[in-house]
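Novice: A predicted structure for the sequence below; I have some questions about it.
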Amino acid sequence: MKCKVEKSKISGQIVCPPNKSYSHRAIFLASLAGKNSSVENVLLSADTKATIETCEKFGAEIKLENSTIIVKNPIKIGTKVAEINTENSGTTMRIASGIASLFSEEITLTGDASLQKRPMQPLLDALSSMGAQCSSTDGKPPIKIKGKIKGGEVKIPGNFSSQFISALLISAPLTENGINLTIEGNLVSKPYLDATISTMRKFGVTVQTLIPYKRYNISPQIYKECTFTVPIDFSSLALLLSANVLNGEDITIKGNIGNLPQGDEVFIDFLEQLGVQVTMDDEQIKIKTPEKLSGGKFDLSNSPDLLPPLAILALKSSSPIEIFNVKHARLKETDRIAIVSRELVKLGIKIQEKEDGLILEASENISGAELNSEEDHRLFMAFCIAGMYVGNCTVTDPESVQVSYPNFVEEMNRMGANLEIQ
Ligand SMILES: O=C(O)C1=C[C@@H](OP(=O)(O)O)[C@@H](O)[C@H](O)C1
Ligand SMILES: C=C(OP(=O)(O)O)C(=O)O
């Protein structure tokens, strides 16, 4: 399927979707805690449904009431587990692998074609060093894990994905000995580790930080019952804000902003650097956009998911937008550096692809094109927003929005966009 995109102006109010990363973490931790933990304002998307189904396979009983998840019975370590398929969700795959290592029976985890290309070896090596037997296809899913790990000293490289470290932290309190964790090299996507630790704290577990983003100690503990409320998703908000900058007229974005750490909040600073005025309180965000953005250099090491919404702002920028320090964006649902470079050039943006980022500059000749999003939800949404600015575009794979923002197309059209699924 594809989506035809005509030049569009959008206006009015829109509610930002709940946060995907916190929904995953809270569903897992509520399922590991005692009876009757709940997660309010949970994101219900294909990725978070994969997490719910994974917890059910691990033996949890979960009830859904409107947008609240209630765990009737927690995960039972030792339940006989059939194969787990986490579909397109890297977060689910990584955290579930950590939990699988607490079971003594072998568990197979797999995912869709995209997930089968994403790295798992550093996490499997870390679990093996604690006594698990792990196998995989070239370090990628499908993988097999046979625990059970007892904990102890573990080392893991930080330069591929913070999700490996989140996975070890979440499983650590449930090991016999606890875990002493050392992160080797520079850690990417650091705020996602803060998100993991904050969520663990809400569920009554303490992570001792010996050296931030380097050394952690987690003693044996139990997760305690909690009612967790999920805040808005700054990664989805970044897409809404870039839609507003390129195509918006008097838009108000609503949602529970909360005070939990979110690396992608830095998008607000990026917009200000580009010359956009942002007004924000606890419940809503409004912006005022200049005729032309001013360009600049942006370090996305801690916020890789901002690459698509930031890259498309080059369309309205008088100077280049340089994105750097984000080689790990190549390890997502697609190689986002390569695909953004390959596709946005079709609109007439001049692009230099670097190993760790992109330099993008608008040209005189901006025109519509057929854009291939390669079934990557963030690329599909960013390309549609770019298409709304340029006009006369098509973007492939509209169904990918199910992963993080299921009603994206309907919401854009409600606000006046001209997106037609064909
Ligand atoms: O833990 C998480 O919820 C996530 C961590 C980040 O991945 P990496 O740590 O692999 O960069 C981010 O890109 C992803 O969308 C969600
Ligand atoms: C990379 C992403 O998610 P995950 O790693 O969970 O697949 C994403 O949502 O952009």
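Specialist: Yes, it's here. Note that the coordinates shown come from a computational prediction; the quantities given were computed from them, not determined experimentally. Residues are numbered from 1 along each chain as shown. Ligands and ions are numbered 1, 2, ... in the order given.
Novice: For the residue with the largest distance to the centre of the chain, which non-adjacent residue is closest in space?
Specialist: Ranked by distance from the centre of the chain (Cα atoms, centre = their mean), the top residue is Glu364, with 34.1 Å. Leaving aside its sequence neighbours, Glu364 sits nearest to Gly348 (Cβ to Cβ, 6 or more residues apart in numbering; 7.9 Å). C-beta here means a position set from N, CA and C on the backbone, and glycine is covered the same way.
Novice: tally of neighbours for that neighbour?
Specialist: As a burial measure, Gly348 scores 16 neighbours (other Cβ atoms under 10 Å).
Novice: got a list of what Leu300 touches?
Specialist: Going by Cβ atoms under 8 Å, 6 or more residues apart in numbering, Leu300 touches 306-307, 310, 323-326, 329, 357.
Novice: same thing but 6 Å
Specialist: 306-307, 323, 326 (Cβ atoms under 6 Å, 6 or more residues apart in numbering).
Novice: ditto for Asp282
Specialist: By Cβ under 6 Å, 6+ apart, the neighbours of Asp282 are Ile257.
Novice: mind checking pLDDT for it?
Specialist: Per-residue confidence (pLDDT) for Asp282: 91.
Novice: Output the contacts of Leu300 as JSON lines; include the columns distance to ligand 1, neighbour count and pLDDT.
Specialist: JSON lines is the format used below for those (distance: Cβ to the nearest ligand atom, whole Å; neighbours: other Cβ atoms under 10 Å; pLDDT from 0 to 100):
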{"residue": "Leu306", "distance to ligand 1": "9", "neighbour count": "25", "pLDDT": "99"}
{"residue": "Leu307", "distance to ligand 1": "9", "neighbour count": "24", "pLDDT": "99"}
{"residue": "Ile323", "distance to ligand 1": "14", "neighbour count": "25", "pLDDT": "99"}
{"residue": "Val326", "distance to ligand 1": "9", "neighbour count": "26", "pLDDT": "98"}
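Novice: Among those, which lie within strands?
Specialist: Ile323 (DSSP state E).
Novice: can you tell me which of the contacts of Leu300 are in helices?
Specialist: Among the contacts of Leu300, DSSP state H puts Leu307 in helices.
Novice: ok, back up a step: the residue farthest from the centre of the chain - that's part of a helix, no?
Specialist: No. Per DSSP: H, G, I helix; E, B strand; the rest coil, Glu364 lies outside any helix segment and is coil.
Novice: Next, please give the residue ranges for the helices of this protein.
Specialist: Counting by DSSP H, the helices of the chain are 20-32, 46-57, 90-100, 121-129, 162-171, 190-202, 234-247, 266-273, 307-311, 336-344, 377-390, 408-414.
Novice: just to revisit the earlier point, wait, the residue nearest to Glu364 touches Gly368, no?
Specialist: No. Counting by Cβ atoms under 6 Å, Gly348 does not reach Gly368; the two are 9.6 Å apart.
Novice: Distance check, the residue nearest to Phe228 when sequence neighbours are not counted against Gln262.
Specialist: Using Cβ to Cβ, 6+ apart and skipping the chain neighbours, the partner closest in space to Phe228 is Ala26 (4.2 Å). Relative to Gln262, Ala26 is positioned 14 Å away (Cβ to Cβ, to the nearest Å).
Novice: nearest residue to Gly12 other than its sequence neighbours?
Specialist: Met415 (5.1 Å).
Novice: neighbouring contacts of stretch 360-375?
Specialist: 311, 314-315, 320-321, 334, 339, 343, 346-351, 379-380, 383, 390-397, 400.
Novice: And Ala60, how far from Glu411?
Specialist: For Ala60, the distance to Glu411 - Cβ to Cβ - is 31 Å.
Novice: Neighbour count: the two, which is higher?
Specialist: Ala60 (21 against 18).
Novice: Setting aside sequence neighbours, what's the nearest residue to Leu271?
Specialist: Val278 (5.7 Å).
Novice: where in the stretch 51-200 of the chain is pLDDT low?
Specialist: Along the stretch 51-200 of the chain, no part satisfies pLDDT under 70.
Novice: For Gly139, the count of nearby residues, please.
Specialist: Neighbours of Gly139 using other Cβ under 10 Å come to 15.
Novice: List the contacts of it.
Specialist: 119-121.
Novice: Please save the CA atoms from stretch 321-332 in CSV.
Specialist: C-alpha atoms of stretch 321-332 as CSV (Å, rounded to 0.1, in the frame of the first residue of the first chain):
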residue,chain,number,x,y,z
ILE,A,321,21.1,21.0,8.9
GLU,A,322,24.0,18.8,10.0
ILE,A,323,23.2,15.7,12.0
PHE,A,324,26.1,13.9,13.7
ASN,A,325,27.1,11.3,16.3
VAL,A,326,24.3,9.0,15.5
LYS,A,327,25.8,5.9,13.8
HIS,A,328,23.4,3.8,15.9
ALA,A,329,20.5,5.2,13.8
ARG,A,330,21.7,2.6,11.2
LEU,A,331,20.6,-0.2,13.5
LYS,A,332,16.9,0.7,13.8
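Novice: How about that stretch, which residues are buried there?
Specialist: In terms of neighbour count (16 or more other Cβ atoms under 10 Å), stretch 321-332 has its buried residues at 321-329, 331-332.
Novice: same deal with stretch 222-239?
Specialist: Buried, per 16+ other Cβ under 10 Å, within stretch 222-239: 223, 226, 228-239.
Novice: Equivalent analysis for stretch 263-281, please.
Specialist: 263-268, 270-271, 274-276.
Novice: just to revisit the earlier point, could the contacts of Gly139 be laid out in JSON lines, adding neighbour count and distance to ligand 1?
Specialist: JSON lines is the format used below for the contacts of Gly139 (neighbours: other Cβ atoms under 10 Å; distance: Cβ to the nearest ligand atom, whole Å):
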{"residue": "Pro119", "neighbour count": "18", "distance to ligand 1": "9"}
{"residue": "Met120", "neighbour count": "30", "distance to ligand 1": "12"}
{"residue": "Gln121", "neighbour count": "17", "distance to ligand 1": "14"}
